[in-house]
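Trainee: using only what follows, build the 3D model:
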Amino acid sequence: SRNVEAEVTGRDRPDEVVVLGGHIDSWDVGQGAMDDGGGAVAAWEAVRLIRRLGLRPRRTIRVVLWTNEENGGKGALAYRDAHAGQLEKHVLAMESDNGAFTPHGFRFSGSDAALARVQQVAGLLEPIGATSVAREKESPEADIAPLVERGVPGVGLDVDRTRYFWFHHSDGDTLDKLDPAELARCVAAMAVLAYVVADLPDPLARTATR
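Mentor: Numbering: from 1, shown residues only. Predicted coordinates:
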């Protein structure tokens, strides 16, 4: 199996990349709507929305549907290896993997300067209540971990997880559990952060490579 990638090419710095996505593998007993079909769709729709609005930021925005998250993370490792020569110019990696519920904001791993900038951007999401930015010591999500380990600032979409484990890895994880209004807010949150960071005059400050 392979990752799926699509992008909006940056107008000034196309070699610099904001990457966002979700994963498309699931446990056999369900359809994987919350884990992680909803996250994959939210990321895909965020980039499609940017394209539909005719927005073209300074940097490239790339959406990735990673494979094999549950069984070794081969999709995440394959992305890292395929883009090994470009990782120094990845300015942000974002993933949604906690269900497509109402977003509260983001969980962040990276430098203090990048955290401050992401907090500023999150303030734009006040109308949908998605302004929170929580600091994480490690990568906030599995598929972006290989990038965070290389110094790329990492973000996980932080959502209301009250109902996540009602469906997670169960035969109840089906498409009818997705609320279109909640999914639309996830799309908005990912689109705003991806676009604004991709259009900043300067890239987010990176952490030292481990």
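Trainee: just the CA trace of the longest strand along the chain, in PDB.
Mentor: Ranked by residue count, the top strand of the chain under DSSP state E comes out as strand 13-23. Below are the C-alpha coordinates for strand 13-23, written out as PDB (Å, rounded to 0.1, in the frame of the first residue of the first chain):
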ATOM      1  CA  ARG A  13       9.000  29.400  -1.900                       C
ATOM      2  CA  PRO A  14       7.600  26.100  -3.400                       C
ATOM      3  CA  ASP A  15      10.400  24.100  -1.900                       C
ATOM      4  CA  GLU A  16       9.300  25.000   1.600                       C
ATOM      5  CA  VAL A  17       6.400  22.800   2.800                       C
ATOM      6  CA  VAL A  18       3.600  22.700   5.300                       C
ATOM      7  CA  VAL A  19       2.400  19.100   5.400                       C
ATOM      8  CA  LEU A  20      -0.900  17.900   7.000                       C
ATOM      9  CA  GLY A  21      -2.900  14.800   6.900                       C
ATOM     10  CA  GLY A  22      -4.400  11.700   8.600                       C
ATOM     11  CA  HIS A  23      -4.100   8.000   8.100                       C
END
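Trainee: now that strand: buried residues?
Mentor: Applying a neighbour-count criterion of 16 or more other C-beta atoms under 10 Å, one finds 16-23 buried in strand 13-23. In this view, the C-beta of every residue, glycine as well, is placed from N, C-alpha and C.
Trainee: what's the closest of these to Thr60?
Mentor: Val17 (4.9 Å; C-beta to C-beta).
Trainee: run through the bridge partners of that closest one.
Mentor: Following DSSP bridges, Val17 is listed with bridge partners Thr60, His90.
Trainee: so how far is Val197 from it?
Mentor: 11 Å (C-beta to C-beta, to the nearest Å).
Trainee: which parts of this protein are helices?
Mentor: 38-52, 74-82, 112-122, 145-148, 164-167, 180-199 (DSSP state H).
Trainee: now the protein, which segments are flagged as low pLDDT?
Mentor: Along the chain, the model assigns pLDDT under 70 to residues 26-27, 209-210.
Trainee: okay, the residue lying closest to Asn71 once chain neighbours are set aside and Ala134: tell me how far apart.
Mentor: Sequence neighbours aside, Asp25 is the residue nearest to Asn71 in space, at 7.2 Å (criterion: C-beta to C-beta, 6 or more residues apart in numbering). From Asp25 across to Ala134, the span is 26 Å (C-beta to C-beta).
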